[in-house]
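> output the structure for:
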Amino acid sequence: MDASSKPTCHVVKPGSAYDGKQGLSYFEGISAQSVGAKGICMHLLTMPPGARAKAHLHESHETAIYCLSGAAHTWYGDRLENHVILNAGEMMYIPAGVPHLPANASDGPSSAIIARTDPNEQESVVLLPELDALVKL
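Numbering: from 1, shown residues only. Here you go, the predicted structure:
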């Protein structure tokens, strides 16, 4: 392996954002595209008051979320029949293939760090429009 292809460390300063298929804007972080990651991606998400994602699942990757500030509601399950509120300082795990819909039902922003086991996290997003109307804020 020559020096030009040897893996190295990277510092990423979240700056530019991208719009995910789920309907939320993420600050670019660690991914295959930004640093050449092979098995993880990590992004920063700030949801303004009233923001909600589209119902979706991640077909082939797990998700871990750490809530930095505010609170986020998440409905999950085959018919989004389960509901949790993730508060600042708490973590949440979402297995691959589980339908879910996060939202910010509070008066202030909610920020979280999101890590996934696929460096191309948008690749296995499957939108579930038939579930969107099941959640009312």
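> tell me the pLDDT at Ile94?
pLDDT recorded at Ile94 is 97.
> what about the nearest residue to it once chain neighbours are set aside, neighbour count?
Using Cβ to Cβ, 6 or more residues apart in numbering and skipping the chain neighbours, the partner closest in space to Ile94 is Thr63 (4.2 Å). All C-beta atoms are positioned from the backbone trio N, CA, C, and that covers glycine. Using other Cβ atoms under 10 Å, Thr63 is surrounded by 20 other residues.
> against Thr8, how distant is Thr63?
27 Å (Cβ to Cβ, to the nearest Å).
> check Arg116 too.
22 Å.
> equivalent analysis for Ser110, please.
Taking Cβ to Cβ, one finds Ser110 at 34 Å from Thr8.
> now the helices for this structure?
32-35 (DSSP state H).
> pLDDT-wise, which helix or strand of it ranks last?
The weakest-scoring helix or strand in the chain, judged by mean pLDDT, DSSP states H and E, is strand 17-19 (a mean of 75).
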